[in-house]
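1. Okay, predicted coordinates and the sequence, questions at the end:
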Amino acid sequence: MTCDFLRERERARRRVLWALATFHPGDPSASDLLSILDDLDDQERNDTPCSDKPLKLIEVRNSVSVMRHNSGIDIILERDIPQPWRERFHQASIGSTRLIDGPYASDWDKFLASWKTEMRYLEQHRAARNKSKKD
């Protein structure tokens, strides 16, 4: 998979997740957004070799160490963030203040917490969609 493809996929995912946040689970208007996210998830599964299981959020968190910058601010090194998480973080952080040596660790922590919340909300949407299909 190319870097450009990953960047575009995660940019699309970020935009759709932000748009999905404007709808309540079960809102039929969210149907197209859910379909896009389903397609993006399928693409990711197809890009991942069978031996490479996607990292769970806790594994991603544990793979990135925090270091104290000489400015007194805790930062992370982007090279320590495994893909596709690095690109996800980048897309969610466009426009954020950072040091030249790396992003603020607090921004990384906020991203991970937000991702967890977004995935829980996405699951609520999917559950509502599946329930309405059964009815």
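-> That came through, no problem. What you see is a predicted model, and the numbers here were worked out from it, not measured in a lab.

2. hang on, His24 is in a strand, isn't it?
-> No - membership of His24 in a strand is not supported by DSSP: H, G, I helix; E, B strand; the rest coil, which gives coil.

3. In the longest helix along the chain, which of the residues would be classed as buried?
-> Across the chain, the longest stretch assigned as helix under DSSP state H is helix 105-134. Using 16 or more other C-beta atoms under 10 Å as the test for burial, helix 105-134 gives Ala105, Asp107, Trp108, Phe111, Leu112, Trp115, Glu118, Tyr121, Leu122, His125, Ala128, Arg129. Using the backbone N, CA and C atoms, a C-beta is placed for each residue, glycine as well.

4. now do stretch 8-18
-> Arg9, Glu10, Ala12, Arg13, Arg14, Val16, Leu17.

5. Can you check what angle separates the helix or strand harbouring the last one from helix 105-134?
-> The reference is to Leu17. Remark: Leu17 resides in helix 3-20, with elements defined by DSSP states H and E. Angle, helix 3-20 to helix 105-134, by axes from the mean of the first three to the mean of the last three C-alpha atoms, to 10 degrees: 70 degrees.

6. who does helix 3-20 touch, helix- and strand-wise?
-> Contact analysis of helix 3-20 by 3 or more C-beta pairs under 8 Å, 6 or more residues apart in numbering; DSSP states H and E lists helix 31-47, helix 85-93, helix 105-134 as its packing neighbours.

7. Which residues does the second one contact?
-> To tie it back to what came earlier, the one meant is helix 85-93. 6-7, 10-11, 13-14, 55, 60, 78, 81, 103, 107-108, 111, 114-115 (C-beta atoms under 8 Å, 6 or more residues apart in numbering).

8. Let me see the mean pLDDT of that helix.
-> For helix 85-93, the mean per-residue pLDDT is 96.

9. cool, stretch 32-50 as well?
-> Stretch 32-50 comes out at a mean pLDDT of 89.

10. Keeping just the C-alphas, turn it into PDB.
-> Provided in PDB are the C-alpha atoms of stretch 32-50 (Å, rounded to 0.1, in the frame of the first residue of the first chain):
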ATOM      1  CA  ASP A  32     -24.300   6.600   3.300                       C
ATOM      2  CA  LEU A  33     -21.700   7.500   5.800                       C
ATOM      3  CA  LEU A  34     -21.800   4.100   7.400                       C
ATOM      4  CA  SER A  35     -21.400   2.500   4.000                       C
ATOM      5  CA  ILE A  36     -18.300   4.500   3.300                       C
ATOM      6  CA  LEU A  37     -16.800   3.500   6.700                       C
ATOM      7  CA  ASP A  38     -17.700  -0.100   6.000                       C
ATOM      8  CA  ASP A  39     -15.800   0.100   2.700                       C
ATOM      9  CA  LEU A  40     -12.800   1.800   4.300                       C
ATOM     10  CA  ASP A  41     -12.700  -1.000   6.900                       C
ATOM     11  CA  ASP A  42     -12.900  -3.600   4.100                       C
ATOM     12  CA  GLN A  43     -10.000  -1.900   2.300                       C
ATOM     13  CA  GLU A  44      -7.900  -1.900   5.500                       C
ATOM     14  CA  ARG A  45      -8.600  -5.600   6.100                       C
ATOM     15  CA  ASN A  46      -7.600  -6.400   2.500                       C
ATOM     16  CA  ASP A  47      -4.400  -4.400   2.900                       C
ATOM     17  CA  THR A  48      -3.300  -6.200   6.100                       C
ATOM     18  CA  PRO A  49      -1.600  -9.500   5.500                       C
ATOM     19  CA  CYS A  50      -3.300 -12.400   7.300                       C
END
